[in-house]
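A.B. asks: mind folding the following:
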Amino acid sequence: MEAPYMLRHRTIPLATGGKEMPAVGFGTLIPDPATTKRAVAKALSVGFRHFDCAERYRNEEAVGEAIAEAIADGTVQREDLFVTTKLWNTNHRPERVKAALEASLRRLKLDYLDAYLIHTPYAFLPGEELDPRDENGQVIYDAGISLIETWHALEELVESGRCRAIGLSDITLDKLKEIVANARIMPAIVQVESHPYLPEWELLDYCQANGIVLLAFAPLGHAMEPNLLTDPVITGIADRVNKTPAQVALAWAVQRGTAFLTTSIKPLRIEENFAISALPDQEMVRIRSDISTNVRFNSVVETGVPGFIPRVKST
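C.D. replies: Prediction:
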(Lines give C-alpha, C1' and ligand atoms only; values in the text may rest on other atoms or scores of the structure.)
Protein backbone atom coordinates (compact mmCIF):
# COMPACT_ATOMS: atom_id res chain seq x y z
CA MET A 1 0.00 0.00 0.00
CA GLU A 2 1.27 3.48 -0.89
CA ALA A 3 2.26 5.56 2.12
CA PRO A 4 0.02 8.65 2.47
CA TYR A 5 2.94 11.06 2.06
CA MET A 6 3.82 9.52 -1.31
CA LEU A 7 0.84 11.34 -2.81
CA ARG A 8 3.05 14.39 -3.31
CA HIS A 9 5.34 12.35 -5.57
CA ARG A 10 2.63 10.81 -7.74
CA THR A 11 3.06 10.99 -11.51
CA ILE A 12 0.46 10.60 -14.25
CA PRO A 13 1.10 8.86 -17.59
CA LEU A 14 0.56 10.89 -20.75
CA ALA A 15 -1.22 9.62 -23.85
CA THR A 16 1.91 10.36 -25.86
CA GLY A 17 4.02 8.06 -23.67
CA GLY A 18 7.49 8.86 -22.39
CA LYS A 19 7.95 10.98 -19.29
CA GLU A 20 5.04 11.07 -16.86
CA MET A 21 3.70 14.35 -15.47
CA PRO A 22 4.18 14.99 -11.73
CA ALA A 23 0.70 15.56 -10.33
CA VAL A 24 1.94 18.29 -7.99
CA GLY A 25 2.86 21.35 -10.04
CA PHE A 26 4.07 24.91 -9.45
CA GLY A 27 2.50 27.73 -11.45
CA THR A 28 4.60 30.77 -12.34
CA LEU A 29 2.00 33.51 -12.77
CA ILE A 30 4.04 35.93 -10.63
CA PRO A 31 4.31 39.55 -11.82
CA ASP A 32 7.85 40.45 -10.73
CA PRO A 33 10.76 38.57 -12.38
CA ALA A 34 13.03 38.70 -9.33
CA THR A 35 10.25 37.37 -7.13
CA THR A 36 9.51 34.71 -9.73
CA LYS A 37 13.10 33.50 -9.67
CA ARG A 38 13.16 33.27 -5.87
CA ALA A 39 9.83 31.43 -5.76
CA VAL A 40 10.86 28.91 -8.43
CA ALA A 41 14.19 28.33 -6.69
CA LYS A 42 12.36 27.66 -3.43
CA ALA A 43 9.89 25.35 -5.14
CA LEU A 44 12.77 23.38 -6.66
CA SER A 45 14.48 23.04 -3.29
CA VAL A 46 11.24 21.86 -1.65
CA GLY A 47 10.69 19.14 -4.22
CA PHE A 48 8.47 20.53 -6.98
CA ARG A 49 9.49 19.07 -10.34
CA HIS A 50 6.58 20.24 -12.50
CA PHE A 51 6.58 23.90 -13.58
CA ASP A 52 3.94 25.67 -15.63
CA CYS A 53 4.92 28.80 -17.55
CA ALA A 54 3.49 31.01 -20.29
CA GLU A 55 4.66 33.58 -22.79
CA ARG A 56 1.86 35.80 -21.47
CA TYR A 57 3.34 35.84 -17.96
CA ARG A 58 6.40 37.74 -19.26
CA ASN A 59 8.74 36.02 -16.82
CA GLU A 60 10.01 32.95 -18.65
CA GLU A 61 13.56 34.30 -18.40
CA ALA A 62 13.36 34.34 -14.60
CA VAL A 63 12.01 30.79 -14.52
CA GLY A 64 14.77 29.69 -16.87
CA GLU A 65 17.45 31.27 -14.70
CA ALA A 66 16.19 29.50 -11.58
CA ILE A 67 16.04 26.16 -13.37
CA ALA A 68 19.49 26.61 -14.93
CA GLU A 69 21.03 27.43 -11.55
CA ALA A 70 19.36 24.43 -9.90
CA ILE A 71 20.71 22.15 -12.64
CA ALA A 72 24.18 23.70 -12.36
CA ASP A 73 24.37 23.23 -8.59
CA GLY A 74 23.10 19.67 -8.75
CA THR A 75 19.71 20.24 -7.13
CA VAL A 76 17.99 18.65 -10.13
CA GLN A 77 18.73 17.18 -13.53
CA ARG A 78 16.82 18.29 -16.62
CA GLU A 79 15.28 14.85 -17.09
CA ASP A 80 13.77 15.10 -13.59
CA LEU A 81 11.76 18.18 -14.56
CA PHE A 82 8.46 18.55 -16.37
CA VAL A 83 8.33 22.04 -17.88
CA THR A 84 5.28 23.39 -19.70
CA THR A 85 4.73 26.72 -21.38
CA LYS A 86 1.88 28.12 -23.44
CA LEU A 87 1.24 29.64 -26.85
CA TRP A 88 -0.40 33.03 -26.47
CA ASN A 89 -3.55 34.11 -28.34
CA THR A 90 -1.72 36.46 -30.73
CA ASN A 91 0.34 33.58 -32.11
CA HIS A 92 -2.41 31.20 -33.23
CA ARG A 93 -1.64 31.50 -36.93
CA PRO A 94 0.39 28.44 -37.99
CA GLU A 95 3.25 30.51 -39.38
CA ARG A 96 3.73 32.10 -35.93
CA VAL A 97 3.57 28.95 -33.79
CA LYS A 98 7.10 27.58 -34.26
CA ALA A 99 8.70 31.00 -33.73
CA ALA A 100 6.72 31.45 -30.53
CA LEU A 101 7.89 28.08 -29.23
CA GLU A 102 11.51 28.79 -30.09
CA ALA A 103 11.35 32.16 -28.34
CA SER A 104 9.98 30.51 -25.19
CA LEU A 105 12.72 27.88 -25.30
CA ARG A 106 15.38 30.61 -25.52
CA ARG A 107 13.89 32.46 -22.58
CA LEU A 108 13.60 29.27 -20.54
CA LYS A 109 17.15 28.17 -21.52
CA LEU A 110 15.85 24.75 -22.55
CA ASP A 111 16.39 22.51 -25.55
CA TYR A 112 12.88 21.09 -25.48
CA LEU A 113 9.57 21.42 -23.65
CA ASP A 114 7.83 18.59 -21.90
CA ALA A 115 4.51 20.12 -22.92
CA TYR A 116 3.28 23.06 -24.98
CA LEU A 117 -0.31 24.22 -24.54
CA ILE A 118 -2.59 26.56 -26.44
CA HIS A 119 -3.21 29.16 -23.73
CA THR A 120 -6.83 29.76 -24.70
CA PRO A 121 -8.97 28.63 -27.66
CA TYR A 122 -9.40 32.28 -28.73
CA ALA A 123 -7.20 33.75 -31.48
CA PHE A 124 -6.34 37.44 -31.12
CA LEU A 125 -5.08 39.84 -33.78
CA PRO A 126 -1.53 38.68 -34.66
CA GLY A 127 1.27 40.99 -33.61
CA GLU A 128 3.49 42.07 -30.76
CA GLU A 129 0.68 43.62 -28.71
CA LEU A 130 -0.37 40.86 -26.31
CA ASP A 131 -3.77 42.38 -25.58
CA PRO A 132 -4.94 44.03 -28.82
CA ARG A 133 -7.94 46.33 -28.34
CA ASP A 134 -10.00 48.56 -30.60
CA GLU A 135 -10.87 52.22 -29.95
CA ASN A 136 -13.72 51.07 -27.69
CA GLY A 137 -11.47 48.88 -25.57
CA GLN A 138 -12.83 45.64 -27.03
CA VAL A 139 -10.55 42.71 -27.76
CA ILE A 140 -9.67 42.34 -31.44
CA TYR A 141 -10.13 38.69 -32.36
CA ASP A 142 -8.63 36.96 -35.39
CA ALA A 143 -11.47 35.44 -37.39
CA GLY A 144 -9.09 34.18 -40.05
CA ILE A 145 -7.83 31.16 -38.14
CA SER A 146 -9.49 28.13 -36.55
CA LEU A 147 -8.42 26.32 -33.42
CA ILE A 148 -7.82 23.08 -35.30
CA GLU A 149 -5.43 24.85 -37.68
CA THR A 150 -3.43 26.03 -34.68
CA TRP A 151 -3.56 22.52 -33.25
CA HIS A 152 -2.12 21.03 -36.42
CA ALA A 153 0.80 23.47 -36.13
CA LEU A 154 1.46 22.18 -32.60
CA GLU A 155 1.41 18.62 -33.89
CA GLU A 156 4.33 19.50 -36.15
CA LEU A 157 6.30 20.67 -33.10
CA VAL A 158 5.91 17.25 -31.49
CA GLU A 159 7.07 15.58 -34.67
CA SER A 160 10.14 17.84 -34.75
CA GLY A 161 11.07 16.89 -31.18
CA ARG A 162 10.95 20.44 -29.78
CA CYS A 163 8.14 19.50 -27.40
CA ARG A 164 7.18 16.08 -26.09
CA ALA A 165 3.46 16.62 -25.62
CA ILE A 166 0.79 19.17 -26.52
CA GLY A 167 -2.46 20.25 -24.96
CA LEU A 168 -5.01 22.96 -24.38
CA SER A 169 -5.84 25.41 -21.63
CA ASP A 170 -9.03 27.23 -20.66
CA ILE A 171 -11.13 25.07 -22.95
CA THR A 172 -14.67 23.77 -22.67
CA LEU A 173 -15.64 20.14 -23.10
CA ASP A 174 -17.38 20.84 -26.41
CA LYS A 175 -14.31 22.51 -27.91
CA LEU A 176 -12.08 19.73 -26.59
CA LYS A 177 -14.26 17.14 -28.30
CA GLU A 178 -13.83 19.00 -31.60
CA ILE A 179 -10.05 18.82 -31.28
CA VAL A 180 -10.07 15.14 -30.34
CA ALA A 181 -12.27 14.37 -33.34
CA ASN A 182 -9.88 16.07 -35.77
CA ALA A 183 -6.44 15.64 -34.19
CA ARG A 184 -3.62 13.61 -35.62
CA ILE A 185 -1.83 13.76 -32.24
CA MET A 186 -4.17 13.59 -29.27
CA PRO A 187 -4.13 16.27 -26.57
CA ALA A 188 -2.11 14.97 -23.63
CA ILE A 189 -3.14 17.69 -21.17
CA VAL A 190 -6.10 19.97 -20.57
CA GLN A 191 -5.51 22.80 -18.11
CA VAL A 192 -8.66 24.35 -16.62
CA GLU A 193 -9.86 26.00 -13.44
CA SER A 194 -10.92 23.25 -11.06
CA HIS A 195 -11.39 22.89 -7.30
CA PRO A 196 -14.08 21.49 -4.97
CA TYR A 197 -16.34 24.41 -5.93
CA LEU A 198 -15.80 23.66 -9.65
CA PRO A 199 -14.99 19.94 -9.83
CA GLU A 200 -15.60 19.58 -13.59
CA TRP A 201 -16.62 15.95 -13.18
CA GLU A 202 -17.97 15.60 -16.73
CA LEU A 203 -14.79 17.00 -18.23
CA LEU A 204 -12.67 14.80 -15.97
CA ASP A 205 -14.61 11.69 -16.98
CA TYR A 206 -14.09 12.53 -20.65
CA CYS A 207 -10.39 13.20 -20.17
CA GLN A 208 -9.82 9.97 -18.29
CA ALA A 209 -11.73 7.98 -20.91
CA ASN A 210 -9.43 9.43 -23.58
CA GLY A 211 -6.11 9.30 -21.73
CA ILE A 212 -5.92 13.07 -21.21
CA VAL A 213 -4.57 14.59 -17.98
CA LEU A 214 -6.80 17.22 -16.41
CA LEU A 215 -4.48 19.83 -14.90
CA ALA A 216 -6.23 22.11 -12.41
CA PHE A 217 -5.33 25.76 -11.94
CA ALA A 218 -6.69 27.81 -9.03
CA PRO A 219 -7.09 24.55 -7.04
CA LEU A 220 -7.56 26.60 -3.85
CA GLY A 221 -10.13 28.97 -5.31
CA HIS A 222 -7.65 31.84 -5.66
CA ALA A 223 -8.56 33.14 -2.16
CA MET A 224 -11.77 34.58 -3.55
CA GLU A 225 -15.30 34.68 -2.19
CA PRO A 226 -16.90 32.31 -1.51
CA ASN A 227 -13.71 31.16 0.16
CA LEU A 228 -13.11 27.47 -0.40
CA LEU A 229 -10.58 27.32 2.42
CA THR A 230 -13.16 28.37 5.00
CA ASP A 231 -15.78 25.91 3.78
CA PRO A 232 -16.93 23.88 6.81
CA VAL A 233 -16.55 20.59 4.94
CA ILE A 234 -12.92 21.36 4.08
CA THR A 235 -12.03 22.79 7.49
CA GLY A 236 -13.67 19.85 9.24
CA ILE A 237 -11.58 17.39 7.27
CA ALA A 238 -8.46 19.45 7.92
CA ASP A 239 -9.07 19.22 11.66
CA ARG A 240 -9.61 15.47 11.51
CA VAL A 241 -6.51 14.68 9.45
CA ASN A 242 -4.25 17.32 11.04
CA LYS A 243 -3.60 19.15 7.77
CA THR A 244 -4.38 22.66 6.59
CA PRO A 245 -7.49 23.34 4.48
CA ALA A 246 -5.19 24.04 1.52
CA GLN A 247 -3.50 20.67 1.91
CA VAL A 248 -6.90 18.98 2.01
CA ALA A 249 -8.02 20.63 -1.24
CA LEU A 250 -4.75 19.80 -2.97
CA ALA A 251 -4.76 16.19 -1.79
CA TRP A 252 -8.34 15.87 -3.09
CA ALA A 253 -7.15 17.07 -6.51
CA VAL A 254 -4.47 14.41 -6.81
CA GLN A 255 -6.50 11.56 -5.32
CA ARG A 256 -9.35 12.01 -7.77
CA GLY A 257 -6.92 11.64 -10.65
CA THR A 258 -6.01 15.19 -11.67
CA ALA A 259 -2.80 17.19 -11.49
CA PHE A 260 -2.75 20.69 -10.00
CA LEU A 261 -0.82 23.95 -10.14
CA THR A 262 -0.37 26.04 -7.06
CA THR A 263 1.47 29.35 -6.86
CA SER A 264 2.95 31.27 -3.95
CA ILE A 265 5.84 33.61 -3.28
CA LYS A 266 5.90 32.77 0.45
CA PRO A 267 8.49 30.11 1.35
CA LEU A 268 6.39 28.52 4.10
CA ARG A 269 3.34 28.38 1.83
CA ILE A 270 5.39 26.76 -0.93
CA GLU A 271 6.54 24.11 1.54
CA GLU A 272 2.98 23.57 2.76
CA ASN A 273 1.58 23.19 -0.73
CA PHE A 274 4.04 20.42 -1.52
CA ALA A 275 3.62 18.56 1.79
CA ILE A 276 0.30 16.90 1.01
CA SER A 277 -0.76 13.46 2.17
CA ALA A 278 -3.53 11.13 1.10
CA LEU A 279 -6.99 11.61 2.61
CA PRO A 280 -9.08 8.72 3.98
CA ASP A 281 -11.59 7.44 1.45
CA GLN A 282 -14.55 8.61 3.50
CA GLU A 283 -13.24 12.19 3.42
CA MET A 284 -12.97 12.06 -0.37
CA VAL A 285 -16.60 10.93 -0.49
CA ARG A 286 -17.59 13.70 1.90
CA ILE A 287 -16.08 16.42 -0.33
CA ARG A 288 -18.05 15.16 -3.31
CA SER A 289 -21.34 14.62 -1.51
CA ASP A 290 -21.45 17.46 1.03
CA ILE A 291 -20.19 20.48 -0.94
CA SER A 292 -22.95 22.05 -3.04
CA THR A 293 -21.35 25.42 -3.86
CA ASN A 294 -20.61 25.73 -7.58
CA VAL A 295 -18.73 28.76 -8.84
CA ARG A 296 -16.24 29.67 -11.56
CA PHE A 297 -13.76 32.35 -10.50
CA ASN A 298 -12.01 32.98 -13.81
CA SER A 299 -13.83 34.25 -16.91
CA VAL A 300 -11.12 33.30 -19.43
CA VAL A 301 -13.21 30.47 -20.92
CA GLU A 302 -15.73 33.08 -22.10
CA THR A 303 -13.40 35.68 -23.63
CA GLY A 304 -9.85 34.35 -23.90
CA VAL A 305 -8.77 37.15 -21.55
CA PRO A 306 -7.44 35.77 -18.24
CA GLY A 307 -8.93 37.37 -15.18
CA PHE A 308 -10.48 36.41 -11.89
CA ILE A 309 -13.97 37.82 -11.25
CA PRO A 310 -14.14 40.02 -8.14
CA ARG A 311 -16.86 39.02 -5.71
CA VAL A 312 -18.09 40.51 -2.48
CA LYS A 313 -18.49 38.39 0.60
CA SER A 314 -22.08 37.38 1.15
CA THR A 315 -23.72 38.53 4.38
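A.B. asks: all strands for the chain, in order.
C.D. replies: For the chain, the strands defined by DSSP state E occupy 11-12, 21-22, 24-27, 50-52, 82-87, 115-118, 166-169, 189-193, 213-217, 259-262.
A.B. asks: with distance to residue 309 as extra columns, can I get these in JSON lines?
C.D. replies: In this view, the C-beta of every residue, glycine as well, is placed from N, C-alpha and C. Compiled in JSON lines, those are given as follows (distance: least, Cβ to Cβ, whole Å):
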{"stretch": "strand 11-12", "distance to residue 309": "29"}
{"stretch": "strand 21-22", "distance to residue 309": "29"}
{"stretch": "strand 24-27", "distance to residue 309": "19"}
{"stretch": "strand 50-52", "distance to residue 309": "21"}
{"stretch": "strand 82-87", "distance to residue 309": "21"}
{"stretch": "strand 115-118", "distance to residue 309": "22"}
{"stretch": "strand 166-169", "distance to residue 309": "18"}
{"stretch": "strand 189-193", "distance to residue 309": "11"}
{"stretch": "strand 213-217", "distance to residue 309": "15"}
{"stretch": "strand 259-262", "distance to residue 309": "19"}
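A.B. asks: any chance of those in CSV, plus distance to residue 141, mean pLDDT and mean neighbour count?
C.D. replies: Formatted as CSV, the strands of the chain follow (distance: least, Cβ to Cβ, whole Å; pLDDT from 0 to 100; neighbours: other Cβ atoms under 10 Å):
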stretch, distance to residue 141, mean pLDDT, mean neighbour count
strand 11-12, 33, 97, 16
strand 21-22, 31, 98, 22
strand 24-27, 26, 98, 26
strand 50-52, 25, 98, 25
strand 82-87, 16, 98, 26
strand 115-118, 15, 98, 27
strand 166-169, 17, 98, 26
strand 189-193, 21, 98, 25
strand 213-217, 23, 98, 26
strand 259-262, 27, 98, 24
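A.B. asks: among the ones you listed, which is nearest residue 101?
C.D. replies: Closest approach to residue 101 among the strands of the chain (Cβ to Cβ): strand 115-118, 6.1 Å.
A.B. asks: pairing partners for that closest one, with directions?
C.D. replies: strand 82-87 (parallel), strand 166-169 (parallel) (DSSP bridges).
A.B. asks: indicate which one of the strands of the chain is closest to residue 58.
C.D. replies: Among the strands of the chain, strand 82-87 comes nearest to residue 58, with 11.9 Å by Cβ to Cβ.
A.B. asks: list the contacts of the closest one.
C.D. replies: By Cβ atoms under 8 Å, 6 or more residues apart in numbering, the surrounding residues in contact with strand 82-87 are 19, 21-22, 25, 49-56, 60, 67, 97, 100-101, 104, 108, 110, 113-119, 150, 154, 169, 189.
A.B. asks: likewise for stretch 13-21?
C.D. replies: Residues outside stretch 13-21 that contact it (Cβ under 8 Å, 6+ apart) are 11-12, 50, 79, 82, 114-115, 158, 164-165, 185-189, 210-213, 215, 259.
A.B. asks: again, only this time at 10 Å
C.D. replies: Outside of stretch 13-21, the residues that reach it under the criterion Cβ atoms under 10 Å, 6 or more residues apart in numbering are 10-12, 49-50, 79-82, 84, 114-115, 158, 163-167, 185-189, 207, 210-213, 215, 259.
A.B. asks: identify each buried residue in that stretch, please.
C.D. replies: The neighbour-count check on stretch 13-21 (16 or more other Cβ atoms under 10 Å) flags 14-16, 19, 21 as buried.
A.B. asks: ditto for stretch 128-145
C.D. replies: Neighbour counts over stretch 128-145 (16+ other Cβ under 10 Å) mark 132, 141-142, 145 as buried.
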